[in-house]
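S.K.: what follows is a predicted structure for the sequence shown.
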Amino acid sequence: MEHRHFLLYKPHGYISQFIYEKKRTKKKLGELFDFPEGTMAIGRLDENSEGLLLLTTDGMTSERVRGEKYEKEYYAQVDGQITDEAIDILRKGVEIGVKGEKYVTKECEVEGLSAVPNWIGVGRRIRDERHGPTSWIRIVLTEGKFRQVRKMTASVGFPTLRLVRVRIGDITLEGLQVGEVKEVSRV
């Protein structure tokens, strides 16, 4: 059997699953494209996050990408004008909760952004200037704990308002439109 692999620009409001068995109706990935049976997301993005999601029908590929510490790059729009001090703290690692336990994140790359590339799309409207300033950071992780970026920015006093994953390893979001699926020969 030849396996298939896909890149997806996951829109805000979708869960990174094909089946959701709880009572609330959620938008699922299968509503965006007719994926072949057995397709799975490699890693996840929560319902409120957007950006690059890799999908495959090959469990070994999924394990390899998740297990080899591939870099994951995010752009996060945060509440307030983030400080150099907060960025430095994020770089060194912060304590967050993971599955009810305290966890200190690994050192990572973090930098403030004066602008984000227009290829990430406009996104949903967060709020207007009357509610205070926002700023953007770029953060590169080699781990992927549940809601990690959101927990990290909140821990330094700058909650995440919009989160876009723009890169996994050497695969980027650039060139994909929101909701677009592209089949590729490998991931």
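M.R.: Nice, I can see it.

S.K.: would you mind measuring from the residue positioned nearest the centre of the chain to residue 80?
M.R.: In the chain, the centroid-proximal residue (Cα atoms, centre = their mean) is residue 165; its distance is 3.7 Å. Distance from residue 165 to residue 80, counting by Cβ to Cβ, to the nearest Å: 22 Å. Heads up, the C-betas are built off the backbone N, CA and C, glycines and all.

S.K.: A strand includes the residue nearest to the centre of the chain, no?
M.R.: Yes: counting by DSSP: H, G, I helix; E, B strand; the rest coil, one finds residue 165 located in a strand.

S.K.: and residue 6, which of the three is it?
M.R.: strand.

S.K.: burial measure for it, as a count.
M.R.: Counted with other Cβ atoms under 10 Å, the neighbours of residue 6 add up to 21.

S.K.: the domain parsing of this protein - what is it?
M.R.: 5-67+170-184, 72-168 (the TED database).

S.K.: do me a favour and get the end-to-end distance for the first one?
M.R.: Taking Cα to Cα, to the nearest Å, the span from the opening residue of domain 5-67+170-184 to its closing residue is 6 Å.

S.K.: from the chain's centre, how far out does it sit?
M.R.: Remark: domain 5-67+170-184 is offset 11 Å from the chain centroid, using Cα atoms, centre = their mean, to the nearest Å.

S.K.: repeat for stretch 114-124
M.R.: With Cα atoms, centre = their mean, you get 14 Å for stretch 114-124.

S.K.: and for stretch 153-169?
M.R.: With Cα atoms, centre = their mean, you get 8 Å for stretch 153-169.

S.K.: can you name the next helix or strand after the helix or strand of the chain with the lowest mean pLDDT?
M.R.: Here the helix or strand of the chain ranked lowest by mean pLDDT, DSSP states H and E is helix 59-67, holding a mean of 87. Once the chain leaves helix 59-67, the next helix or strand it forms, by DSSP states H and E, is strand 72-79.
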